[in-house]
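>>> From the sequence below, what's the structure:
(chains A and B)
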Number of protein chains: 2
Amino acid sequence: MSPVKAEIIAIGDELLYGQIIDTNSHWISQELDLRGVRVVRRTTVGDNREDILKAFAEAEKRADLVLITGGLGPTQDDLTKPLMAEFFDCPIVENPEAVAAVTEFFKKRGREITPLNILQGHLPACCIYVPNVVGTAPGMWFEEKNTYWMSMPGVPHEMKKLMNDFVLPKLPEIFSLPVIVHQVIKTVGIGESWLADLIRDWENALPDHIRLAYLPSLGHVKLRLTGFGSDTEKLNQEIQDQINLVLPQIDQYVYGYNEETLETAIGKLLKKSNKTLALAESCTGGYISHLVTSVPGSSSYFQGAVVPYHNQFKQEVIEVKKETLEKHGAVSEETVIEMSQGVKKLFQSDFGLASSGIAGPDGGTETKPVGTIWIACAGDGFVETKKLQLTQDRMLNIQLTAVAVLNLFRICFSKN
Amino acid sequence: MSPVKAEIIAIGDELLYGQIIDTNSHWISQELDLRGVRVVRRTTVGDNREDILKAFAEAEKRADLVLITGGLGPTQDDLTKPLMAEFFDCPIVENPEAVAAVTEFFKKRGREITPLNILQGHLPACCIYVPNVVGTAPGMWFEEKNTYWMSMPGVPHEMKKLMNDFVLPKLPEIFSLPVIVHQVIKTVGIGESWLADLIRDWENALPDHIRLAYLPSLGHVKLRLTGFGSDTEKLNQEIQDQINLVLPQIDQYVYGYNEETLETAIGKLLKKSNKTLALAESCTGGYISHLVTSVPGSSSYFQGAVVPYHNQFKQEVIEVKKETLEKHGAVSEETVIEMSQGVKKLFQSDFGLASSGIAGPDGGTETKPVGTIWIACAGDGFVETKKLQLTQDRMLNIQLTAVAVLNLFRICFSKN
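Numbering: from 1, shown residues only, chains lettered A, B, ... in the order given. The predicted model follows:
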């Protein structure tokens, strides 16, 4: 079976000029790779008629599937739609369904529709209209010149929605794809090289048709197992057996699998045990609360958060003692302990988490340089703390602290 | 003067398979754009002889300058060097200088050199050897087929060092480059097509050497003006004149220029006027607080935030009246007004902002479907509110609401 070949074409001057980073092509590459479709080329061209037509013509010769992003806005510099019509030699006509959808899109938001927007519902006659429920530029699917083509807006969340809802489910229908099984083990609190040391023997003993990849990201390492074969069920079982083999060596770092995030994993723990959570965030400034509340249904276990950015409010709102702040400072073990206990009390929750530190770039001192951060987790009758020594980068410090706080909670929870 | 055209070719299976994100092409795009070199295409190909040769042949036809990254390691799957030799029809020969450099590289690090590494000092006879002082794969510069070519390793810091030390300084020597000036106007609170309608006459009257691009992102539209010419000062003045011309039509939507974000723009307003801010976030769950506190120095104007995720805490922590909640519900104009006033009082700030809504995916009702969100801005003696009707997507609703709240503050601030 020869592999299904795909090309990705990203359209837009703003990409070539480096004004916007093209995260779409990378994301599409990953999704196609997961499904056994081989990406053979990615091309970025500007808002230029000849360059775009040339890219279509080249892709058509090489690929079974061409995924196109960008160049679909209502303004004059967006050329994808007219050029696809030209390339396939079919007229642009009103698509009543698409016009209705874009009209509805505006109506729902109480906004007046412009003639330019109505034209977004006019499509090449030879395309299949694919509704874009999160934006105004429709997806367009073509089966032309022995190749499948999909044109999508360049806005990442619109592109992803069209890929997830339409293109990716369609792949097994139109192509004969190999069986590929992925399982991802999510770990936190251990670096890539330490993890590799821990599981080296297991990794070296993996059979040839099961591959391991380390995918590190902020404070996390994902272990991706990919199995190649012809029998899904057998492959799933083999991969599960391998996971069972490695788990005893790493289970204190494992918080979940596949799509699970630290936020959703923690939500599950709380939901299952009918416990509740509250947050007192100083240096993280609301970011942990944002992560926790980004999970649908989090209102069943999340009581609330306070961001007491000044010492005065640490005292007034969550009852940190004046003496504690004066004696030990806001960035201290003593202060985060009282913050975690104070917010637990304020929101009458089972657990209280707290962060206090110097996120930077300014505010560091000799004894407490930028990146010094204290975190705490308080429960009924116990409190655990940890000191972090992080980076010079404000945003990185905020993100790494959030991961550390959620992980501290995970550990606390399992112990108590 | 016709523009100098450049192409960027990134080589590597790991890019096409989505294992590594290609940040090199984006960085090179930005650097070339700043210097007036027009990037006309970016291509990513895998470690495959035919695909690479094809990419070289296509680029040669279009570009004055071709920048190639990747495929230069010591192993067999790295094909760039032999294929460049093949493409230019010149043999690979020992380059004593390059062999000495790679030998020295290993010696300095106390590592033993392998025969494979020594071969990294063998180069196509027709290239100019460009020392890579931070790695083992040399840069190779070619002046062949009426085009300039540079091959660089894919490791970002090695590529950047070669670009900064060799390629970028060389550009003004080999090309006659135009002067290019960019200015970006940042707008919020108006969609791309309405903005286009508002400024159509101005846009149509722009001189040929000044181009306009619409760059939309979540709740924002950036207007990028790019001027091409020979005199920087004159061009800056011309673009400033164009901005002054268009500003009266759009100034209520403009919050800043170039690198400015809505968060930093608001920070400036508060700092300049010595005013302070506090937030009560229900449906946004801490995200606005995160945006505000992501700005270094925000502690000088940001007092704090509360995320009262349940009605009980809206009452207890920020004094929303029980009757208000019972009569109008949490998602109502009356409630957000009391939230904004309550949090202003709690944190003794000059302004209080509030959000309350149904972020979804669950929790919607007939009269208040998912995406119904109320926001408010309270100051001394006034309060302004707005109702939003957003999407079905939780994260999108959170992000769009955050932009709307910050924009409501901007408008309130300017009026009061």
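
>>> Confirm that residue A:266 sits in a helix.
Yes. Checked against DSSP: H, G, I helix; E, B strand; the rest coil, residue A:266 lies within a helix.

>>> Number of residues surrounding it?
The number of residues packed near residue A:266 is 26, by other CB atoms under 10 Å in any protein chain shown. Using the backbone N, CA and C atoms, a C-beta is placed for each residue, glycine as well.

>>> if I look at it, how far off is chain B?
For residue A:266, the distance to chain B (CB to the nearest CB, to the nearest Å) stands at 14 Å.

>>> Surely that residue and residue A:406 touch.
Yes. Counting by CB atoms under 8 Å, residue A:266 does reach residue A:406; the two are 5.8 Å apart.

>>> the domain parsing of chain A - what is it?
Domain ranges of chain A: A:5-174, A:179-257, A:262-415, per automatic domain parsing.

>>> possible to save these as TSV with mean pLDDT?
Shown next, in TSV, are the domains of chain A (pLDDT from 0 to 100):
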stretch	mean pLDDT
domain A:5-174	93
domain A:179-257	91
domain A:262-415	96
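
>>> Can you add distance to residue B:338 and give those domains back as a markdown table?
Putting these into a markdown table (distance: least, CB to CB, whole Å) gives the following:
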| stretch | distance to residue B:338 |
| --- | --- |
| domain A:5-174 | 24 |
| domain A:179-257 | 38 |
| domain A:262-415 | 16 |
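
>>> So for residue B:94, which of these sits nearest?
Closest of the domains of chain A to residue B:94 is domain A:5-174, at 33.9 Å (criterion: CB to CB).

>>> end-to-end on the closest one?
By CA to CA, to the nearest Å, the extent of domain A:5-174 from end to end equals 13 Å.

>>> Likewise for stretch A:326-341?
End to end - CA to CA - stretch A:326-341 spans 18 Å.

>>> what does the stretch 51-200 of chain A put close to chain B?
A:51, A:55, A:58, A:73-75, A:77, A:108-111, A:114, A:116-117, A:133-134, A:155, A:157 (CB under 8 Å from any CB of the partner chain).

>>> Do a quick rundown of the strands in the stretch 151-300 of chain A.
A:179-188, A:210-217, A:220-229, A:254-257, A:277-281 (DSSP state E, counting those that start in this stretch).

>>> Out of the domains of chain A, which is closest to residue B:351?
domain A:262-415 (14.4 Å).

>>> what distance separates that closest one from the middle of the whole chain?
Centroid separation for domain A:262-415 versus its chain: 23 Å, with CA atoms, centre = their mean, to the nearest Å.

>>> Give me the neighbour count for residue A:106.
Quick note: residue A:106 (other CB under 10 Å) scores 17 neighbours.

>>> Oh, that last question was meant for residue A:187, not what I typed.
21.

>>> Spit out the contact partners of it.
Residue A:187 makes contact with A:195, A:220-223, A:250, A:253-255, according to CB atoms under 8 Å, 6 or more residues apart in numbering or on different chains.

>>> about what we covered before: among the residues of the stretch 51-200 of chain A next to chain B, name the buried ones.
With burial judged by 16 or more other CB atoms under 10 Å in any protein chain shown, the buried subset of those is A:51, A:55, A:58, A:73-75, A:77, A:114, A:116-117, A:134, A:155, A:157.

>>> Among the residues you listed, which lie within helices?
A:51, A:55, A:58, A:116-117, A:157 (DSSP state H).

>>> Put together TSV for the contacts of residue A:187, with neighbour count on each row.
Listed next are the contacts of residue A:187 as TSV, based on neighbours: other CB atoms under 10 Å in any protein chain shown:
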residue	neighbour count
A:195	19
A:220	19
A:221	22
A:222	16
A:223	24
A:250	17
A:253	19
A:254	18
A:255	22
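
>>> ok, of these, which one's closest to residue B:147?
Distances from residue B:147 to these, taken by CB to CB, are shortest for residue A:222, at 41.7 Å.

>>> Please spell out which residues along whichever helix or strand residue A:411 is part of are buried.
Take DSSP states H and E as the rule and residue A:411 turns out to sit in helix A:394-415. The neighbour-count check on helix A:394-415 (16+ other CB under 10 Å) flags A:394, A:396-410, A:412-413 as buried.

>>> Chain B next: which of those residues are close?
A:394, A:398.

>>> From the contact counts, what lies against whichever strand or helix holds residue A:149?
Following DSSP H and E, the helix or strand that holds residue A:149 is strand A:147-152. Applying 3 or more CB pairs under 8 Å, 6 or more residues apart in numbering or on different chains; DSSP states H and E, one finds that strand A:147-152 contacts strand A:65-69, helix A:80-87, strand A:139-144, helix A:156-162.

>>> what angle separates that strand from strand A:139-144?
170 degrees (axes from the mean of the first three to the mean of the last three CA atoms, to 10 degrees).

>>> Residues touching strand A:147-152, excluding its own?
Contacts for strand A:147-152 (CB under 8 Å, 6+ apart): A:59-60, A:63-69, A:72, A:80-81, A:84, A:127, A:130, A:139-143, A:158-159, A:162-163, A:166-167, A:174.

>>> Next: stretch A:172-186.
A:1, A:3-4, A:34-37, A:64-65, A:148, A:171, A:215, A:220, A:222-232, A:235-236, A:239-240, A:243, A:246, A:250, A:254-258, A:260-262, A:265.

>>> How about stretch A:85-105?
Here stretch A:85-105 has contacts from A:53, A:56-57, A:81-82, A:113, A:117-118, A:120-126, A:129, A:131-132, A:135-136, A:138, A:142, A:144-145, using CB under 8 Å, 6+ apart.

>>> Likewise for stretch A:115-123?
A:74-75, A:81, A:92-103, A:106, A:129, A:136-138, A:140, B:193, B:196-197.
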